[in-house]
Structures are given as C-alpha cells and as structure tokens.
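Chemist: A predicted structure for the sequence below; I have some questions about it.
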Amino acid sequence: MRLNRFLASSGLGSRRAVEELITSGQVRINGDVVTRLATDVKPGDAVKVGRRLLRTEPFVYAVLFKPRRVVSSAEDEKGRSTIFDLLPRSWPRVFHVGRLDMNSEGLLLVTNDGDMANALSHPRYKIEKEYEVTLDRPFEEAHREKLLRGVIIEDGRAKAERLTIEQPNFLRIVLTQGMNRQIHKMLWRVGEYNVKRLVRVRIGPITARGLAPGKWRMLSRPELSELGAALEGKLGRIE
C-alpha cells in the first residue's frame, strides 16, 4: 500500500494533508525518514509520524464460498449465521467484496485492504462478476437483448454485460454493476422470472473453483498478480 493511502486510512487527514507530512520529513518507516510520496508500506512495517507509532497489520486476501442461508454482514439482529462465523477469529478486521443476499451463494473476496475492496466493488471500475442462475421456467431468447440493453429497476438502469443460455432454465450472466438483488429484479422485470438458485462464480480474474460451500482459502501469489493487473492504475501495487 502506498504511504499516503496508509496515512490517510489511519486517520491522519486528507491525501493532500498527509503528503505534506511526508514531504516535510515528519514520517519515518522502520526508523528511517521518508520523503518520497511513492514509498510503499509493507505488512509489519513500523510507521511513525512525530511521536505517534502506526503498526501495519498483515494484509489478508482470501476467497470464501458463501453458502445459502448465511448473512453477508458482521452481525445479524436475528442471530443468523454470518460469513464471519466461517473465518478465523485470529484475523484482523476484514471486509467482504461484493454482496450476496442470504439465499444466494458463491464467491466472496475477503480482505483488510480497504482500497482494493472499494476498487473491486465500485461500478466505475467495471470489474466483472459472473453468476450462474437457475430459473423457475425456460428463459425466452427474446428477453436476452433486453437485458443486454438494460432495463429500469428501482435502483436505476441495470444491464448485463454478457448473457449465455446454457440450458433452457440455466443462464450465465456477467455484470459490472452491483445493485441490490440486481439479477433477481432484472429477470422479474423482463419476464417475471423467479430465480431458484444464484451462484457467483467469479470476481474479476478470481474464481472459487474447488471450494466447497462454507470453505475459504488464501489467494495465491499468481492470483494476486492477476488482481493487480486487473486493477492497474486504480490503486497502488498489491503485495
């Protein structure tokens, strides 16, 4: 993570304010004064601003296969199981990338790199999310073009980037948006289809291939490199 992003995320002010701290020689990393804005902060580095010591936590990059009937939140007022019940309690505080409603399942990325989580989630970065969708009845070919052009739902204009009819009632849909229950609402809008099962199988270059529901694994170094390539120019280098 770039030093200016790290300082800003630690509550030391805006990007402009923390850049002034850096260029004025008020920041040390592992005891050395740092004035270069492009300096990277690595997990385990001790960053000191004046007398204030900021220790970095190791970055966590993991993929989780969310099962059905598990909530994608840290806490649930109804006492239902959440995705964080499936993760090690020894981890630092982490975020999940993308949302899946309680009855949907599949891939979630989990990380404590807030900038990466935002870049993967925000529609302006156009990161693809791929879903396998089972419907209550056969899908009509005429509705395919409507979904690709876009339809109006309560959150605005929603569209599919790609749609493949794998079987009469089984679709593969790719989105770059992230509206609430978007696929359910789009399919109901064009043909009053009910979604019987929805599984997210990919976010960007990352898949949950080989993971059973409720299981997780750390991303491999090649996968992190692929993520870095997908997000090139959107945030600092992923280590």
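Modeler: Cool, the structure landed.
Chemist: Next one: Gly25 relative to Leu107, how far apart?
Modeler: Using C-beta to C-beta, to the nearest Å, one gets 44 Å for the distance from Gly25 to Leu107. Every C-beta, even on glycine, is put in place using the N, C-alpha and C of the backbone.
Chemist: er, Arg2 I mean
Modeler: Note on Arg2: its distance to Leu107, by C-beta to C-beta, is 27 Å.
Chemist: Kindly report the same for Ile29.
Modeler: Distance, Ile29 to Leu107, using C-beta to C-beta: 35 Å.
Chemist: of those two, who's got more company?
Modeler: Comparing Ile29 with Leu107 by other C-beta atoms under 10 Å, the one with more neighbours is Leu107, at 24 against 19.
Chemist: what's the host helix or strand of the more buried one packed up against?
Modeler: According to DSSP states H and E, Leu107 maps onto strand 105-111. Judged by 3 or more C-beta pairs under 8 Å, 6 or more residues apart in numbering; DSSP states H and E, strand 105-111 is in contact with strand 61-66, strand 95-97, helix 114-121, strand 195-203, strand 206-207.
Chemist: Just the CA trace of that strand, in CSV.
Modeler: Below are the C-alpha coordinates for strand 105-111, written out as CSV (Å, rounded to 0.1, in the frame of the first residue of the first chain):
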residue,chain,number,x,y,z
GLU,A,105,-24.3,-18.3,-2.7
GLY,A,106,-20.8,-18.4,-4.1
LEU,A,107,-17.7,-16.3,-4.2
LEU,A,108,-16.8,-13.5,-1.8
LEU,A,109,-13.4,-11.9,-1.6
VAL,A,110,-12.3,-11.1,1.9
THR,A,111,-9.6,-8.6,2.7
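Chemist: could you give the angle of that strand to strand 195-203?
Modeler: Calculated by axes from the mean of the first three to the mean of the last three C-alpha atoms, to 10 degrees, strand 105-111 forms an angle of 40 degrees with strand 195-203.
Chemist: check contacts around the most centrally placed residue in the chain.
Modeler: Taking C-alpha atoms, centre = their mean, the centroid of the chain lies closest to Val97, which sits 2.3 Å from it. The neighbours of Val97, taking C-beta atoms under 8 Å, 6 or more residues apart in numbering as the test, are 108-111, 116-117, 120-121, 203.
Chemist: how about these, which pair is most distant?
Modeler: Spatially, the most separated pair among these is Leu108 and Met116, at 13.6 Å (C-beta to C-beta).
Chemist: Just the pLDDT for Gly239.
Modeler: I think there's a mix-up here, since residue 239 is Glu and not Gly. pLDDT for Glu239: 44.
Chemist: Asp85 too?
Modeler: 93.
Chemist: can you list the weak-confidence ranges in the protein?
Modeler: Where the chain drops to pLDDT under 70, the residues are 9, 55, 233-239.
Chemist: So this structure: which segments form each domain?
Modeler: Under the assignment automatic domain parsing, the domains of the chain span 3-55, 61-123+205-220, 128-203.
Chemist: so which of those gets nearest Leu227?
Modeler: With C-beta to C-beta as the measure, domain 61-123+205-220 is the member of these nearest Leu227 (6.5 Å).
Chemist: hang on, the earlier thing: neighbouring strands of the strand holding Leu107 in the sheet, and parallel or not?
Modeler: Strand 105-111 has these partner strands in its sheet, going by DSSP bridges: strand 61-66 (antiparallel), strand 95-97 (antiparallel), strand 195-203 (parallel).
Chemist: For it, give me every contacting residue.
Modeler: Outside strand 105-111, the residues that touch it by C-beta under 8 Å, 6+ apart are 59-68, 72, 83, 87, 94-98, 100, 117, 120, 131-132, 197-203, 206-208, 213, 216, 219.
Chemist: Right, I'll leave it there.
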